[in-house]
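K.L.:
sharing a model that was predicted from the sequence below.
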Amino acid sequence: MTPRVSVLVKALGVLALLAGLSACREAEENRPIKLEKGSYAGPQDSQLSDEQKRALRARGNKQSF
């Protein structure tokens, strides 16, 4: 390899490393890693209104054959 190509390869390697390190989102940091099988540890879902339930049923009926 020529010295110019070697410097280019090193620079691309450093850029790839920096891109990989910056890919971690702040929202994903410090989240619980230990998970229990069969249990949901996230926030509780909000209740659907009667109108939302009716709309979902209507959409489901359109999909039945």
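P.N.:
Arrived safely. Numbers count the residues shown, from 1 in each chain.

K.L.:
quick one, helices of this protein?
P.N.:
3-22, 50-63 (DSSP state H).

K.L.:
now those helices in TSV, with mean pLDDT, distance to Gln44 and mean neighbour count?
P.N.:
(Glycine included, C-beta is placed from N, CA and C.) Output for the helices of the chain, formatted as TSV (pLDDT from 0 to 100; distance: least, C-beta to C-beta, whole Å; neighbours: other C-beta atoms under 10 Å):
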stretch	mean pLDDT	distance to Gln44	mean neighbour count
helix 3-22	86	33	10
helix 50-63	94	17	9
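
K.L.:
closest to Leu35 out of these?
P.N.:
helix 3-22 (25.0 Å; C-beta to C-beta).

K.L.:
so how far is Ser49 from Pro43?
P.N.:
Separation of Pro43 from Ser49 (C-beta to C-beta, to the nearest Å) stands at 19 Å.

K.L.:
in a markdown table, list the helices of the chain along with distance to Lys37.
P.N.:
As requested, the helices of the chain are exported to a markdown table (distance: least, C-beta to C-beta, whole Å):
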| stretch | distance to Lys37 |
| --- | --- |
| helix 3-22 | 31 |
| helix 50-63 | 29 |
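
K.L.:
for Leu35, which non-adjacent residue is closest in space?
P.N.:
Ala41 (6.8 Å; C-beta to C-beta, 6 or more residues apart in numbering).

K.L.:
roughly how far does the one you found sit from Gln47?
P.N.:
20 Å.

K.L.:
thinking again about what came up before, so between Pro43 and Ser49, which is more surrounded?
P.N.:
Ser49 (9 against 6; other C-beta atoms under 10 Å).

K.L.:
how near is the more buried one to Ile33?
P.N.:
35 Å.

K.L.:
could you do Lys10 as well?
P.N.:
The span separating Lys10 from Ile33 equals 34 Å under the rule C-beta to C-beta.

K.L.:
kindly report the same for Lys62.
P.N.:
Distance from Lys62 to Ile33, by C-beta to C-beta: 41 Å.

K.L.:
repeat for Val7
P.N.:
Distance from Val7 to Ile33, by C-beta to C-beta: 40 Å.
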